[in-house]
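*Asks:* everything below, folded, please.
(chains A and B)
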Amino acid sequence: MTRFLEIGSTLVKSLDHHYMSTKFGTLVFNSVLTILLLVVFLGCSRVGTAQGWSGGVVVDESLIIGSLDGQLLSINVETGRHDWAPTLLRVDEDKDDRRAIYGTPAVYKGVAFVGSYDGKMHAYALDNGVLLETEPIADEIVGGALIEDGVLYVGSSDGFMHAYDISIRGQEVTMERKWQFQTGSSIWSTPQVFENLLIFSSLDHNIYALDLSCNTCIEGGATKWVYETGAAVASSPLVSDGEVYIGSFDGNFYSLDATSGVENWRFTGASNWYWGRAVTDRTAVYAPSLNGSLYALDKNDGNLRWESKTKGAIVGSPAIVSDMIVYGSKGGDLYISELSSGIIMGTCSTGEKIEAPITSDGNSVYFSVRDHSIRAIQIKGNGNPDEKWDAPYFSDKAKDGEIPNPSDWAPSC
Amino acid sequence: MELFGQIWGTVIVQPMINSLIFLYSVAFSNFGIAIAIFTIAIRGVMMPLTVKQSKQMKAMSALQPKIKGIQSKYSNDKKRQSQETMKLYKEQGVNPIGCLGPMFIQMPIWIGLYQAIIKTVPSTPESLVGLSTNLYSWMPMVKDVIPLDSSFLWLNLARPDTLPVLPIMVGVSMFLMQKMTMMPAADDKQASTNKMMLWMMPLMFGFFSMQFPSGLALYWVISNIVGIVIQGFITGWDPLVNLVNFRRTAPPEPAVSMSGASASALEESEQYELNTDDGENSGRRDRDRHKRTRRRARRGRNRRR
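*Replies:* Residues are numbered from 1 along each chain as shown, chains lettered A, B, ... in the order given. Take a look at the predicted model:
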C-alpha cells in the first residue's frame, strides 16, 4: 500500500513538468490517489459487522422479533405498528458492534427471552417492553433459546450449552445457572427437546443428545448419544415423529433416530452447506441449502421428491402455509411453492437479502429483510403474495426516532 | 459492475481464500502461520516485479536533477520543456510510466489478499455464510477445517487486537518500510511529501489496525517485514543503519554533518554524478553515496578527536 502511494507520489513528480506544474495540482493528485486507494483497499473488503437475522414468534396479536438494529420488537400483526417503542439492547461499551440478535426469541409466562451476540440473555416484559433482567452468559450467543419446564437452554460460541432455571414473579425475573456442557466448538443452533433428551448441534461436526434426567451426568460430560457428521453443523435440529432431521456443512442432510442417534438415511444431493432448520409436514421434510435450493425429501427414505432453485443462498428456515411452503433467499425474492409438487405459485421481490427465518401464523408470513425492515405478506389461496401492512416496519427509522412505517413506501408484493 | 465483481471473485479472491485454507490445514491448523506463509509466498512470487519497479523508480528519481535543469533552462517555453524532457527520457532509456505496469499487476493481488484474509476468518455468522460461496467443494480439507480457529498467540485474528501491540507493530514496521523505500528528494516539494508520507502512513495504518480484524494487521506486519528485507537486498540496508546511527549520535550531529566548502564540493560532485549517470547504475550509485556518508561521518568523528 505504502509502495503504491510512493509510486503515485513519484509519478506526480515525473509528470509534474507536463501536466501539474502547480503545487496545488500535486496536492490534489496525491490526495485523490490516497483516498482512491484507501477506498478500494478498505472499502472493497467490506469488513462485516454483526446485524443479526432473528426469526419471530407470534403471541396473541403481536409478532415478537429481533430487529437488525439490536432491538426487541413487538409489532401488531394486523396493523404493522409497534405495541411499545423499542429500546436498544444494552451492551457493554466495548461491544457496541455486537448489538445483534440471531436467534428467535423464546416466550415464557409473558416474558420474552432473547440472546444477543454480545453474549447476554435479556428478559423483556411482553406487555410493556420493559427490560426485566439481563444475564451475561458467554462471549457470543448466536442460536435461539429454548424454554422447557421452566429451564432455559441456550448455546454459545465458546462451545457451551447452558441451562438456567427461570423464575418469574410479577416483574421480577431471575436466571440461575443449572449446568453447562462443553462441546468442541461453537454452538450456533437452537436446541430441541424430545422425551427428556436435549438435542443440538455444534460446529465441532457433532450432533449431541443429553439426558435431561441426569444433571450430574451432563455436568460430568456424559451424553446419551453423539453423531458425527463430515463437517461443522450450524443448522438447528428438527425433531418430528421420533426422528431428528438436520443438515451439515458437508453437504449432507441426515435423518437420525432421536432416541439412539442411529442414522436412518442421508441425502447427498446438495453442493453446499445447510444452515436453516428444515420444516416438515406429514410425509416430507423440506431442507433449505446455501446452494440456493430447497429440497423436498421423503421422510421415510430421504428420496428427493422435488427441488426448487432460487437466485441466492437460502439461509433462514422456510414456513408452511396451508398446502404451500414459503421461503426467502439472499437474492431478495420470496418464493411460494406447492408442497406436493414444488411448483412455484408466486414470488415477490423485496430487493434486499432475506436471511432470516420465515414465521407463519396461519395464512400470513413475517420476516426481516436486510434493509432493516420487518415485512408481513399475506399468502392467498392461489399462492399470490400480498402486502399485509400499509408499509413495512423499518427498525432503523424507529432507532433514529422517526416513524418506522413510512407513508411514501411503494408495495413490492 | 456485477460481472466485474464475479470475475474478480473467481480469478483473484477465491483462489487466495482456498489457498489460505489449504495452508491452514497443513500448517497445524494455525491461521496465523497460514497468513505468514501465504504472505511470504506471494511476496516471493511478486519479487521480479518488485525489483523491476524499484529500478524504474530509481531511474526516474535519478533523472530529477536533470529535469530540474531543463525546467529552469526553458522556464518560459513549456513546449520546449516538454520536448526536452521526453528527449532526455528517450536518451536514458527510461519510460516515465514504466513502473505503472508492475504496479498495476501487483495492485489487484494485494487488494485480493486483503479481502481473502477478511473473508477466510469470518467475524460474524453473516460472513461465514458469505464464505460458503467462495470455497472449492472439490478440496477435501475445506469441509474438515471450517470454521477456522482464529486464535493466534494472544490474538483473535477475526477481531481487533485489544492490546495495542499489533497496531504499534504495524506502525513501526510501516515506518521502517517507508524509510527503506523512500527515494532521495530532488527538491523541497518532494522532501515535504516524503516527510508527510513517512509519518502519515504508519499512523494511519496503526489506527486502522485498531479497528480491523487482527488477521489483517498481522498480514501488514509480515508484508512490511518481508518488504524491508527485499528492499534491503535490492538497495542496501543503509536507511536502517543510518536510522540507528542517527539515534545513537543524535546530539553531536551538527559536528558530524559537513558544512562549508567541503560539503558543498562533495554535494556538487554528487550532483554532477547524478547528472551524468544513467538510471541503470542508480542502485550502485546510492550504495556508493551511503558509503561516502559513512566515511564522512567517520572523518567528522576523527576530526573531533
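*Asks:* who's in contact with the closest residue to B:Arg43 other than its chain neighbours?
*Replies:* For B:Arg43, ignoring the flanking residues on the chain, the nearest one in space by Cβ to Cβ, 6 or more residues apart in numbering or on different chains is B:Val226 at 4.4 Å. C-beta: built from backbone N, CA, C; applies to glycine. Contacts of B:Val226 were listed using Cβ atoms under 8 Å, 6 or more residues apart in numbering or on different chains, and they are B:Thr39, B:Ile40, B:Arg43.
*Asks:* can you tell me what sits against the helix or strand hosting the last one?
*Replies:* Element membership of B:Arg43, judged by DSSP states H and E, is helix B:31-45. Contacts of helix B:31-45 from elsewhere in the structure, counted by Cβ under 8 Å, 6+ apart, are B:16, B:19-21, B:23-24, B:27, B:50, B:109, B:113, B:117, B:120-121, B:148-150, B:152-153, B:155, B:157, B:215, B:218-219, B:222-223, B:226-227, B:230.
*Asks:* does A:Val233 sit in a helix or strand, and which one?
*Replies:* Per DSSP H and E, A:Val233 falls between elements, in no helix or strand.
*Asks:* kindly format the C-alpha coordinates of stretch A:168-188 as PDB.
*Replies:* Taking C-alpha atoms only, stretch A:168-188 is exported to PDB below (Å, rounded to 0.1, in the frame of the first residue of the first chain):
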ATOM      1  CA  ILE A 168     -40.700 -15.200  37.200                       C
ATOM      2  CA  ARG A 169     -42.600 -13.300  39.900                       C
ATOM      3  CA  GLY A 170     -44.500 -10.300  38.700                       C
ATOM      4  CA  GLN A 171     -42.000  -8.000  37.100                       C
ATOM      5  CA  GLU A 172     -39.000  -9.900  38.600                       C
ATOM      6  CA  VAL A 173     -37.100 -12.400  36.600                       C
ATOM      7  CA  THR A 174     -34.200 -14.500  37.900                       C
ATOM      8  CA  MET A 175     -32.000 -16.800  35.900                       C
ATOM      9  CA  GLU A 176     -29.900 -19.200  37.900                       C
ATOM     10  CA  ARG A 177     -27.300 -21.400  36.300                       C
ATOM     11  CA  LYS A 178     -28.200 -25.100  36.500                       C
ATOM     12  CA  TRP A 179     -25.500 -26.800  34.400                       C
ATOM     13  CA  GLN A 180     -23.300 -26.300  31.400                       C
ATOM     14  CA  PHE A 181     -22.000 -28.800  28.900                       C
ATOM     15  CA  GLN A 182     -18.900 -28.300  26.800                       C
ATOM     16  CA  THR A 183     -18.500 -29.300  23.100                       C
ATOM     17  CA  GLY A 184     -15.500 -28.900  20.800                       C
ATOM     18  CA  SER A 185     -16.600 -25.700  19.100                       C
ATOM     19  CA  SER A 186     -19.300 -23.000  18.800                       C
ATOM     20  CA  ILE A 187     -22.900 -23.900  19.300                       C
ATOM     21  CA  TRP A 188     -25.000 -21.800  16.900                       C
END
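*Asks:* which parts of the stretch 1-150 of chain B sit against chain A?
*Replies:* B:53, B:57, B:60-61, B:64, B:67, B:70-71, B:81-82, B:85, B:96-97, B:99-100, B:103, B:107, B:110-111, B:114-115, B:118, B:122-130, B:132-133, B:137, B:143-144, B:146-147 (Cβ under 8 Å from any Cβ of the partner chain).
*Asks:* just the contacts of helix B:31-45: which are in helices?
*Replies:* B:16, B:19-21, B:23-24, B:50, B:109, B:113, B:117, B:120, B:215, B:218-219, B:222-223, B:226-227, B:230 (DSSP state H).
*Asks:* buried only: go through these for me.
*Replies:* Applying 16 or more other Cβ atoms under 10 Å in any protein chain shown to the ones in helices among the contacts of helix B:31-45, the neighbour count classes B:16, B:19-21, B:23-24, B:50, B:113, B:117, B:120, B:215, B:218-219, B:222-223, B:226-227, B:230 as buried.
*Asks:* three-state assignment of A:Ile158?
*Replies:* For residue A:158 the amino acid is Asp, not Ile. coil (DSSP: H, G, I helix; E, B strand; the rest coil).
*Asks:* looking at it, it is touching A:Val142, isn't it?
*Replies:* No: A:Asp158 lies out of contact with A:Val142 (Cβ atoms under 8 Å); the separation is 11.3 Å.
*Asks:* more neighbours, the two?
*Replies:* More crowded of A:Asp158 and A:Val142, by other Cβ atoms under 10 Å in any protein chain shown: A:Val142, with 28 against 17.
*Asks:* roughly how far does that one sit from B:Leu128?
*Replies:* According to Cβ to Cβ, to the nearest Å, A:Val142 and B:Leu128 sit 10 Å apart.
*Asks:* and if you look at A:Leu334?
*Replies:* With distances taken as Cβ to Cβ, A:Leu334 is found 23 Å from B:Leu128.
*Asks:* how about B:Asp188?
*Replies:* 52 Å.
*Asks:* tell me which of the two has more neighbours.
*Replies:* B:Leu128 (25 against 8).
*Asks:* in contact with the nearest residue to that one once chain neighbours are set aside, which residues?
*Replies:* Counting by Cβ to Cβ, 6+ apart, B:Leu128 lies nearest to B:Pro122, which is 4.0 Å off, once chain neighbours are set aside. Contacts of B:Pro122 were listed using Cβ under 8 Å, 6+ apart, and they are A:Gly48, B:Leu128, B:Gly130, B:Leu131, B:Pro147, B:Ala158.
*Asks:* with A:Glu133 instead?
*Replies:* Per Cβ under 8 Å, 6+ apart, neighbours of A:Glu133: A:His122, A:Ala123, A:Val173, A:Thr174, A:Met175.
*Asks:* of these, buried ones?
*Replies:* Here, 16+ other Cβ under 10 Å leaves A:His122, A:Ala123, A:Val173, A:Met175 buried among those.
*Asks:* Three-state assignment for the one residue in the stretch 201-350 of chain A that gets nearest to chain B, please.
*Replies:* With Cβ to the nearest Cβ as the measure, A:Ala231 is the residue of the stretch 201-350 of chain A nearest to chain B, at 3.9 Å. Three-state assignment for A:Ala231 (three-state DSSP): coil.
*Asks:* retrieve the pLDDT associated with it.
*Replies:* You'll see A:Ala231 listed with a pLDDT of 94.
*Asks:* residues contacting it?
*Replies:* Contacts of A:Ala231 by Cβ under 8 Å, 6+ apart are A:His205, A:Ser248, A:Phe249, A:Asp250, A:Gly251, A:Trp273, B:Lys143, B:Asp144, B:Ile146.
*Asks:* re earlier: buried among the residues of the stretch 1-150 of chain B next to chain A? Make that a ChimeraX selection.
*Replies:* Per 16+ other Cβ under 10 Å, the buried members of the residues of the stretch 1-150 of chain B next to chain A correspond to this ChimeraX selection:
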select /B:53,57,60,61,64,67,70,71,81,85,96,99,103,107,110,111,114,115,118,122,123,124,125,126,127,128,129,130,132,133,143,144,146,147
